[in-house]
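Enquirer: coordinates for the following, if possible.
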Amino acid sequence: MNKRRKFTALLGILICVVLLMSCKKNDTGEETYELYYVNVQTQALEQEKVQIEGDTTEEKIESMLKELKKNPEDVEVKSTFPKKIKVEKWELTNGRLGISFNQEYKNVKKVPELLFRASLVQSLIQIDGVDSVKLYIGGDPLCDANGNEIGAMNDEYFVQNIGSTLHTYQSVDLELYFANSEGDKLVTETEHVRYNSNTLKEKLIVEELMKGPFAETYKKVIPMDTVLLGVSVKDDVCYVNFDNGFLNMTDIQPEVTIYSIVNSIIRGGSASKVQILVNGDSNLKYQDQVDLSQPLTEREDIVED
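Expert: Sure thing, here's the model as predicted:
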């Protein structure tokens with residue numbers, strides 16, 4: 001059996017912007033939101049589904065602020081709310097939520113403060129009617145290390161002002177193509193993967209293919225000694241560049257190897273074509289059988305019924 005490494009992104013400590021998350025109301029009138037908490041090992045923000053009470057926007061804000069102070073049931077994550085920090089008051093005006101904290105906020109160190117601020121804002125702006133969040137300390141606007149006032153924050157703030165130092169982890173179900181036991185047909189395996197949001201999904205797909213399948217009866221398609229040199233997407237084409245290890249002979253039919261990559265990327269990524277290169281060169285035939293000189297499209301005829 002091919003043992004899989006659990007995919008754990010270890011980059012960064014904070015979050016990158018994500019789209020506003022949808023909420024769903026249950027039978028009790030509560031709505032489910034995905035609030036942000038910090039992973040105790042990676043120090044990165046992760047999302048947890050939480051039931052929020054309230055019929056009005058104001059009631060939901062009050063409920064969410066209380067929930068953000070609590071540690072979720074998942075022991076791998078915890079609240080970002082600093083212990084001595086208290087909300088003194090808050091006010092919602094024309095979609096802008098102003099929150100005033102006690103003076104203890106000034107004593108929070110840089111990284112925990114940014115974690116807290118990012119989780120607070122990204123959680124609260126999911127509430128319908130909350131467009132941005134502005135923070136205060138004892139009634140005075142929150143300022144950065146240079147004394148500049150930090151204005152109202154939304155999802156765009158963390159992209160424009162924090163950039164690549166912010167990371168979050170997302171989960172996705174990938175439909176990956178491996179070889180059957182004979183190595184002459186493709187078979188699919190759905191894998192649930194957690195990944196860093198700054199990771200290109202097409203790169204994630206190739207890396208998962210290189211790890212191999214969970215199922216004992218399926219076969220890994222990419223040769224063991226292969227090194228992935230790069231993955232990029234441009235003009236609807238995904239470029240996948242391997243080193244010479246990709247050319248090593250295996251017991252898998254050449255077209256099965258190639259189209260496991262092509263089909264997996266097209267099904268799970270954003271590109272409609274895949275260009276495979278070896279050391280930057282596409283002018284070759286893989287195992288003297290599959291022409292790699294042009295971008296390839298998905299094939300279903302070699303997928304096992």
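Enquirer: buried residues, stretch 225-233. List them.
Expert: Of the residues in stretch 225-233, 226, 228, 231, 233 count as buried by neighbour count, 16 or more other C-beta atoms under 10 Å. Placement of C-beta: from N, CA and C, glycine included.
Enquirer: now secondary structure, pLDDT and distance to residue 101 too, for those, in CSV please.
Expert: Formatted as CSV, the buried residues of stretch 225-233 follow (DSSP: H, G, I helix; E, B strand; the rest coil; pLDDT from 0 to 100; distance: C-beta to C-beta, whole Å):
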residue, secondary structure, pLDDT, distance to residue 101
226, coil, 92, 52
228, strand, 91, 46
231, strand, 90, 43
233, strand, 90, 42
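Enquirer: thought residue 50 was touching residue 33?
Expert: Yes - at 5.8 Å, residue 50 and residue 33 qualify as touching, with contact defined as C-beta atoms under 8 Å.
Enquirer: overlap in contacts of these two?
Expert: Taking C-beta atoms under 8 Å, 6 or more residues apart in numbering as the contact rule, residue 50 and residue 33 both touch residue 64.
Enquirer: more neighbours, the two?
Expert: residue 33 (23 against 19; other C-beta atoms under 10 Å).
Enquirer: what about the one helix or strand that one maps to, distance to the chain center?
Expert: Assigning secondary structure by DSSP states H and E places residue 33 in strand 31-39. Put simply, strand 31-39 sits 14 Å off its chain's centre (C-alpha atoms, centre = their mean, to the nearest Å).
Enquirer: average pLDDT for it?
Expert: Mean pLDDT, computed over strand 31-39, is 89.
Enquirer: okay, and the helix or strand of this protein with the least pLDDT?
Expert: Every helix and strand in the chain was compared by mean pLDDT, DSSP states H and E; the lowest is strand 24-25, with a mean of 52.
Enquirer: how much space separates the closest residue to residue 81 other than its chain neighbours from residue 76?
Expert: The shortest distance from residue 81 to any residue other than its chain neighbours is 4.6 Å, reached at residue 69 (C-beta to C-beta, 6 or more residues apart in numbering). Using C-beta to C-beta, to the nearest Å, residue 69 is found at 18 Å from residue 76.
Enquirer: same check on residue 122?
Expert: Taken as C-beta to C-beta, the span from residue 122 to residue 76 is 19 Å.
Enquirer: ok, the two, which is more surrounded?
Expert: Set residue 122 next to residue 76 and count neighbours by other C-beta under 10 Å: residue 122 wins out with 27 against 13.
Enquirer: which helix or strand contains that one?
Expert: Going by DSSP H and E, residue 122 is in helix 110-124.
Enquirer: just the CA coordinates for that helix, please, in PDB.
Expert: Presented in PDB, the C-alpha positions along helix 110-124 are these (Å, rounded to 0.1, in the frame of the first residue of the first chain):
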ATOM      1  CA  LYS A 110       2.500  42.100  17.100                       C
ATOM      2  CA  VAL A 111       1.900  38.600  15.800                       C
ATOM      3  CA  PRO A 112      -1.000  37.700  18.200                       C
ATOM      4  CA  GLU A 113      -2.500  41.100  17.500                       C
ATOM      5  CA  LEU A 114      -2.500  40.700  13.800                       C
ATOM      6  CA  LEU A 115      -3.900  37.100  14.200                       C
ATOM      7  CA  PHE A 116      -6.700  38.400  16.400                       C
ATOM      8  CA  ARG A 117      -7.500  41.400  14.100                       C
ATOM      9  CA  ALA A 118      -7.500  39.200  11.000                       C
ATOM     10  CA  SER A 119      -9.700  36.500  12.600                       C
ATOM     11  CA  LEU A 120     -12.100  39.100  14.000                       C
ATOM     12  CA  VAL A 121     -12.600  41.100  10.800                       C
ATOM     13  CA  GLN A 122     -12.800  38.100   8.500                       C
ATOM     14  CA  SER A 123     -15.400  36.500  10.800                       C
ATOM     15  CA  LEU A 124     -17.600  39.500  11.300                       C
END
